[in-house]
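sequence first, predicted model second:
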Amino acid sequence: MEMEIVFLVFILVLSVFLGFELISKVPATLHTPLMSGANAISGITLAGAFLAAGMVDSEMGKYLGTAAVAFATINVVGGYMVTDRMLGMFKSKKAGGK
Amino acid sequence: MNIELLANLSYIVSAALFIFGLKMLGSPATARRGNMFSSLGMLIAVVAGLTAEGIVSYEYIAGGMVIGTIIGALAARLVGMTSMPEMVALFNGSGGAASLLVGWATLYGGGIETFTAVTILLAILIGGLTFTGSIIAYAKLSEVMNSAAIVFKGQRFVNSLVLAGIVYAAYMFCLDPQADSQWLYVTLGLALLLGIMAVIPIGGADMPVVISLLNSYSGIAACAAGFAINNNILIVAGSLVGASGIILTNIMCKAMNRSLANVLFSGFGAVKQGKAIEGEVKPVSVEDAYYLFEAASNVCFVPGYGMAVAQAQHVVKELGEILEANGCEVSYAIHPVAGRMPGHMNVLLAEADVPYEQLVEMDDINPRIENVDIAVVIGANDVVNPSAREDEDSPIYGMPIINVDQARTVFVLKRSMASGFSGVDNPLFFGENTRMLFGDAKESISGVISEFG
């Protein structure tokens, strides 16, 4: 158990540093899509929600899990779609608008 | 090869895709593809998650996903670009709620060790306050609720009590972590309350900070849920999001020259008025404005939240095109905290088909602002207020601003002479080279356009 915790914390620390590195290079122009895109990624909770919703031994756990699946799916589907919609609007001069 | 190993290998692939996706979001040219990569990573993670051991019934999962997809897709389709800040707030909230529920549901699995109990509580706590905090942020942004800061006597004391209550209830819960423990409900209730208490004292113009912070929380909550259920991909993805939110929060705070603590707790309440401003306001007619525009060879638009309110981005762009056709150089200078969320103005202008090369940041425009013939301030106030530079008594002193007052001429489009959000007078309006174009921004600009026509 202890080794596993250390291992998970290890992953956590590296990801945080990676996140800082990646995001500080994003220009201000893209801050809104960055935020909604990152938000879609936080819908990753969905992968965890499956386990809870698929359990049969507890009614309550199942309901909570199902609600979690629904909320996380809103986050994933809505987040990616709205980000895509926004990014589709950013056009270069060379590419020429409509 | 067993299925669990396969699922974990897929998680590595999706983590890599998330990282590539975020990296590609660094440039407008690759951003859209980056988002695709990231969503592909999510698809892989979701499929891998579905194979997890212990899932026996898929009906509930399918039901939840159908509901979520319908709501998410409709919301993403229908939302107007002006209401994007509220939308993002709501999405943050649903992310928080999901982490809260995952943590809670995990308790019903039984056999909880202390470490797991702590992480479950963290998921519930952070998820819960993200949820209610985002709802309040949504209500303020969509003007369902008054967007001004709500401050009352003893607020800090009440907040400290709530916080102390959470710590105590959490401690009691961890002594005996059971799904039906009353301390669980106390913690949950207080976490939800804390989210509300944390956001009500924050005023509309500080919303960029709050949204970034809630964004970060939704990631951290996912991360805590990842610890609770022992899942790597939740930890990796959650901490990437957490880090990105913190960076944005930091950028927003710097752009206002305020510490995070100051934004969160002060409520911008005590407005200490700086020097009284003396001078004369010089209004300009649409016709005279036209003559100046016609002769200008370098025009810079400086938009603020007022442009979003007036929905003026399309006419602004139209005027920009006419000026360009007239041989004039056109740019749009955007202050980091203009609008209600990071990058708000950029999205609105992109919606109006302004090419992203013309969107310039504050630090790029300021060194060459003296070459600008006309700086057009549309619905911005505090971010162009020279008091921030000159008047040490001003409450916004020290905040970096776009130095429009150093341009050859400044047009300020404004409804009336009311001061900005912070309640601070703006000496810009009385400047020697400033001309006020009173009235609705959209109508004023349409007026200038028809003079060209």
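Now that the structure is in, tell me what you want to look at.

quick one: low-confidence parts of chain A?
A:56, A:94-98 (pLDDT under 70).

tell me the centre residue of it?
A:Ile41 (1.3 Å; C-alpha atoms, centre = their mean).

what is the subsequent helix or strand relative to the helix or strand hosting that one?
Per DSSP states H and E, A:Ile41 falls inside helix A:31-42. Downstream of helix A:31-42, the next assigned helix or strand under DSSP H and E is helix A:45-53.

so which elements touch that following helix?
The helices and strands touching helix A:45-53, judged by 3 or more C-beta pairs under 8 Å, 6 or more residues apart in numbering or on different chains; DSSP states H and E, are helix A:59-73, helix B:31-50, helix B:59-78, helix B:84-107, helix B:207-229, helix B:232-255. Bear in mind the C-beta positions are built from the backbone N, C-alpha and C, glycine included.

what would the ones you listed look like in a markdown table with distance to B:Phe265?
Listed next are the helices and strands packed on helix A:45-53 as a markdown table, based on distance: least, C-beta to C-beta, whole Å:
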| stretch | distance to B:Phe265 |
| --- | --- |
| helix A:59-73 | 29 |
| helix B:31-50 | 35 |
| helix B:59-78 | 32 |
| helix B:84-107 | 20 |
| helix B:207-229 | 12 |
| helix B:232-255 | 13 |
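
in TSV: the ones you listed, plus distance to A:Met81 and mean neighbour count.
Formatted as TSV, the helices and strands packed on helix A:45-53 follow (distance: least, C-beta to C-beta, whole Å; neighbours: other C-beta atoms under 10 Å in any protein chain shown):
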stretch	distance to A:Met81	mean neighbour count
helix A:59-73	12	25
helix B:31-50	9	21
helix B:59-78	4	18
helix B:84-107	11	30
helix B:207-229	17	29
helix B:232-255	18	25
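
B:Gln311: which of these is closest?
helix B:84-107 (13.4 Å; C-beta to C-beta).

against A:Phe50, how distant is B:Val56?
11 Å (C-beta to C-beta, to the nearest Å).

please read the previous query as pertaining to B:Ser446.
53 Å.

more neighbours, these two?
Taking neighbours as other C-beta atoms under 10 Å in any protein chain shown, B:Ser446 and A:Phe50 compare with A:Phe50 leading, 27 against 17.

tell me the contacts of that one?
Listed by C-beta atoms under 8 Å, 6 or more residues apart in numbering or on different chains, the contact set of A:Phe50 reads A:Gly65, A:Val69, B:Gly49, B:Leu50, B:Ala52, B:Ile55, B:Ile61.

how about B:His314?
So B:His314 contacts B:Ala352 (C-beta under 8 Å, 6+ apart).

pLDDT value on it, please?
According to the prediction, B:His314 has pLDDT 92.

report the contact partners of A:Leu12.
A:Leu12 neighbours (C-beta under 8 Å, 6+ apart): B:Cys223, B:Ile235, B:Ser239.

so can I have a markdown table of the contacts of A:Phe50 showing distance to B:Val144?
Formatted as a markdown table, the contacts of A:Phe50 follow (distance: C-beta to C-beta, whole Å):
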| residue | distance to B:Val144 |
| --- | --- |
| A:Gly65 | 30 |
| A:Val69 | 28 |
| B:Gly49 | 35 |
| B:Leu50 | 37 |
| B:Ala52 | 39 |
| B:Ile55 | 39 |
| B:Ile61 | 33 |
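
now do the longest helix anywhere in chain A against helix A:31-42, angle only.
If you go by DSSP state H, chain A has its longest helix at helix A:2-23. Helix A:2-23 and helix A:31-42 are oriented at 160 degrees to each other (axes from the mean of the first three to the mean of the last three C-alpha atoms, to 10 degrees).

hmm, back to that, the residue nearest to the centre of chain A and A:Val16, how far apart?
A:Ile41 is 14 Å from A:Val16, by C-beta to C-beta.

A:Tyr80 now?
Counting by C-beta to C-beta, the gap from A:Tyr80 to A:Val16 is 23 Å.

cool, and B:Pro283?
53 Å.

more neighbours: which of those two?
Set side by side, B:Pro283 and A:Val16 show more neighbours around A:Val16, with 21 against 11, by other C-beta under 10 Å.

can you tell me which residues contact that one?
Per C-beta under 8 Å, 6+ apart, neighbours of A:Val16: B:Ser239, B:Gly242, B:Ala243.

got those as JSON lines, with distance to B:Phe293 and pLDDT columns?
Formatted as JSON lines, those follow (distance: C-beta to C-beta, whole Å; pLDDT from 0 to 100):
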{"residue": "B:Ser239", "distance to B:Phe293": "50", "pLDDT": "94"}
{"residue": "B:Gly242", "distance to B:Phe293": "46", "pLDDT": "93"}
{"residue": "B:Ala243", "distance to B:Phe293": "44", "pLDDT": "92"}
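
and which of those is nearest chain A?
B:Ala243 (2.8 Å; C-beta to the nearest C-beta).

now the helices: where do they sit in the stretch 251-400 of chain B?
Taking DSSP state H, counting those that start in this stretch as the criterion, the stretch 251-400 of chain B carries its helices at B:260-266, B:286-295, B:305-310, B:313-325, B:344-351, B:362-365, B:387-390.

so which of the contacts of A:Val16 reach chain A?
Here is what survives when these are matched to chain A using C-beta under 8 Å from any C-beta of the partner chain: B:Ser239, B:Gly242, B:Ala243.

wait, doesn't the second one sit right on B:Ile220?
Yes: here B:Gly242 reaches B:Ile220: they are 4.3 Å apart, a contact under C-beta atoms under 8 Å.
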